[in-house]
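Enquirer: got a predicted model here, sequence first, then my questions.
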Amino acid sequence: MLKLELDPEMQHRARKAATSIVDSLKWLFEEYSSVTIERTVLRLLGINGATEEGTPYPNVVCDHLQQRNALLRGAAIPLANAIIYTGMTAQQIAEEVAIGNLDLTKTPVSSPNEIYQVLDKLSDKMLIHITKQRETREQLLQTYGPRRIPAIYVIVATGNIYEDVVQAKAAAYEGADIIAVIRSTAQSLLDYVPYGATTEGFGGTYATQENFRIMRAALDEVAASEKRYIGLTNYSSGLCMPEIAAMGAMERLDYMLNDAMYGILFRDINPKRTLLDQYYSRMINAYAGIEIQTGEDNYLTTSDAIEKAYTVTASQLLNEQFALLSGVKPEKMGLGHAFEIDPDLEDSFTYELAHALLTRELFPGYPVKYMPPTKFASGNIFKTYLMDAMFNFAGKLTHQGVQLLGMLTEAIHTPHLSDRSLAIENALYVFNAIKSLDENIALVPDSFINKRANQVLKEATDFLERVEKEGLFRALEKGEFADIKRPENGGKGLNGVFHKDYEYFNPFLEKMKKELGL
Amino acid sequence: MKHNIILPYGDKSGDGKVQLSFTLPVPPDDWGKEAAKQLLKQMGFEGIIICGVRDLHEGFTHFIAYAVTHCSIDASKIKVKKVETPIMEMEEVDEFIRENIGRKITVVGACIESDAHTVGIDAIMNMKGYNHRYGLERYKWFNAINLGAQVPCEELLHRAREENADAVLVSQVVTQNNIHIHNLTRLIELAETEKLRDKMLFICGGPKISHELAIELGYDAGFGSGTYANEVASYIVVTLAKKLAQKS
């Protein structure tokens, strides 16, 4: 078996630095909230839908409160107060607010006891629904058996949810274990979640609760006939991280792309906003039993995959600590990495093996997610197909948790039906061909692979200790991560962050924390 | 065989052999195979061999085929519009600017509108560049400002005016439903309205962009995938130098 000997002292130092970096941000998680966190609370309390102009009702209510400087106690209290006063449902209140019939800051104030009672009842109702969804998933997995290692993960991205369903079902019948519906480009920068089934998108399909529901039903249908659970993924990232997590929890999504720092670095979203939103979104994912996946592949597509290999490791360690703080269990952390080394480089595959083993062994028992070659995928589909086979070989040999399959037409178009089918055929062939190969081989003593893995670990440790010393915000500002400079008060979405009033109350935060033992 | 007539080559000159792969909403049986054959016949192919039939499920089948075409091209009639300025290396570009222009060249670049994919603009503009070819930030005589992804056209033009830019670089990677054409057209129309179009060079790039398309859309030049920073830099400096010479 391929087994590294990773320096235990170095692992300890790296984790210690990552823990200290993450712990230094606890003030942010404890004292602040954001507009999308409050909209999440509104959604979980039963507000859904959108006005005729397309403004989602959670935004209507949240904006209404923010404009009246009445959001500092959170959105839950004023909503509950209005429910008591009017006797209407949360949804009816949102609709009345939208047409200007109701001002939530002008309703008579009920006693705190009454307000907490209403919120207790409503939050229990939703949490019971989410728990049921989690139990359904667990039961189905028990019935159909555990998922493949690595699980076969493919994307669909037609822009039309009904077309996506056709492609997803075809892929699932061919052997895909996980379907990711790629979002329409630019959705990450929308400060709202669109509503309803959508049939037009660019480079992907809008993440909406209705689209989640449609795809969930389609995949359950295939699962029932194939006797294999088909997982569904979306993106809890961008400006609406916790809202998407909540929608996924309600509709039984199984995975969420949910990186702690991706939004900051690669979407120029304000650092405080992203860190705050990831904290709450991950708590929802943890509660719902949703496996999170992180986006370390992005560090390599923008930089050299050998020179900057340590940034992947460092980011994985930070993602791990941030996730633990939100109550995510290691077996639900799909930390990411990628096969992005220049194929012209001598021993490129040997390097890849070293990096893949490092991720695997630094995070034992975690469902780590391996991303395919994209940077050096050219229009030469035959070469790309070969690189994808090498990638599948590395993934199977090192027992990655999830293998996001490469497409031979990467860099040309969003996958055609046949592209995806060929990718699955490629993976199934390789996985089957080397099923027990790893049981028959071992690294020679003092191998290059072992040295290389330890070197990357050391570079990551040095880096994390440097960030620990200067502080995460300062490091982001200096461009220490991915060579991209992100000032603490720059980027999008800062005006949606606010300091919580001492009376602030979020019924879900309290209950989830308790359930997750935080 | 006449050398100026071009036909596909399999393993003999002029055999016209081509390789095809496509998907039809038909079952993977003889009936479906016949449908694939007839489609190829309608396209004018002969000697059709359907060598691969793959069931894609949900009522679709993937066909892999070889066939013979009698279509041919007269080599003397091919015209390609391409950027014709000479290509220099980074050091040569810097030297060229110093000698012929004598001041720093300001370039403002971005992925505009909905496009979130910075791989193209980063390869051309960022210090690191791509495949060991440095980006414009590395050039001594370039002031390169990369605004990144999802930049509204208005913001890009505003910045270009503010910086008194010599050139605007636009990258478009996502091309589903021809969104790139829409975005690129919007930018050039806005530039015209704001009277910026003739004040600076407008250059676009991306996997589905050719020089010909760029010209058609009203840009000065267009670059496809595989372009390095020095090619874009060479075009910019040579064109600017020519413009300067015309003025004086």
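Expert: Received it, and whenever you're ready, just let me know what you need.
Enquirer: residue contacts, residue B:148?
Expert: A:268, B:110, B:111, B:118, B:121 (Cβ atoms under 8 Å, 6 or more residues apart in numbering or on different chains). Using the backbone N, CA and C atoms, a C-beta is placed for each residue, glycine as well.
Enquirer: in those, find the pair that's most separated.
Expert: Greatest spacing in the contacts of residue B:148, by Cβ to Cβ: A:268 and B:121 (13.8 Å).
Enquirer: between these two, who's got more neighbours?
Expert: residue B:121 (27 against 18; other Cβ atoms under 10 Å in any protein chain shown).
Enquirer: could you look up the SS state of the more buried one?
Expert: helix (DSSP: H, G, I helix; E, B strand; the rest coil).
Enquirer: pretty sure it sits against residue B:156.
Expert: No. Judged on Cβ atoms under 8 Å, residue B:121 makes no contact with residue B:156 at a distance of 11.1 Å.
Enquirer: identify the contacts common to the two.
Expert: Common neighbours of residue B:121 and residue B:156 (Cβ under 8 Å, 6+ apart) are residue B:110.
Enquirer: so what does whichever residue of the stretch 1-150 of chain A sits closest to chain B look like in phi/psi?
Expert: Closest approach between the stretch 1-150 of chain A and chain B, counting by Cβ to the nearest Cβ: residue A:54, at 16.9 Å. Dihedral pair for residue A:54: phi 100, psi 0, per degrees, to the nearest 10.
Enquirer: by residue count, which helix of the chain is the longest?
Expert: Let's take chain A. helix A:112-144 (DSSP state H).
Enquirer: please go with chain B instead
Expert: Max-length helix for chain B by DSSP H is helix B:229-247.
Enquirer: can you give me the offset of the worst-scoring helix or strand of chain B on mean pLDDT from its chain's centre?
Expert: When each helix and strand of chain B is scored by mean pLDDT, DSSP states H and E, helix B:119-125 comes last, with a mean of 87. The chain centroid and the centroid of helix B:119-125 are separated by 13 Å under Cα atoms, centre = their mean, to the nearest Å.
Enquirer: could you point out the helix or strand that follows the helix or strand where residue A:453 lies?
Expert: Using DSSP states H and E, residue A:453 sits in helix A:448-470. The C-terminal neighbour of helix A:448-470 among helices and strands, as given by DSSP H and E, is helix A:472-477.
Enquirer: from the middle of its chain, how far away would that next one be?
Expert: Remark: helix A:472-477 is offset 22 Å from the chain centroid, using Cα atoms, centre = their mean.
Enquirer: for stretch A:331-338, same thing?
Expert: Offset of stretch A:331-338 from its chain centre (Cα atoms, centre = their mean): 10 Å.
Enquirer: still on that earlier bit, buried residues in the longest helix of chain A?
Expert: Applying a neighbour-count criterion of 16 or more other Cβ atoms under 10 Å in any protein chain shown, one finds A:115, A:118, A:119, A:122, A:123, A:126, A:127, A:130, A:133, A:134, A:137, A:140 buried in helix A:112-144.
Enquirer: ok, stretch A:148-158 next?
Expert: Quick answer for stretch A:148-158 (16+ other Cβ under 10 Å): A:148, A:150, A:151, A:152, A:153, A:154, A:155, A:156, A:157, A:158.
Enquirer: ends of it, what's the gap?
Expert: End-to-end span of stretch A:148-158 (Cα to Cα, to the nearest Å): 26 Å.
Enquirer: how about residue B:220, nearest residue that isn't a chain neighbour?
Expert: residue B:201 (4.7 Å; Cβ to Cβ, 6 or more residues apart in numbering or on different chains).
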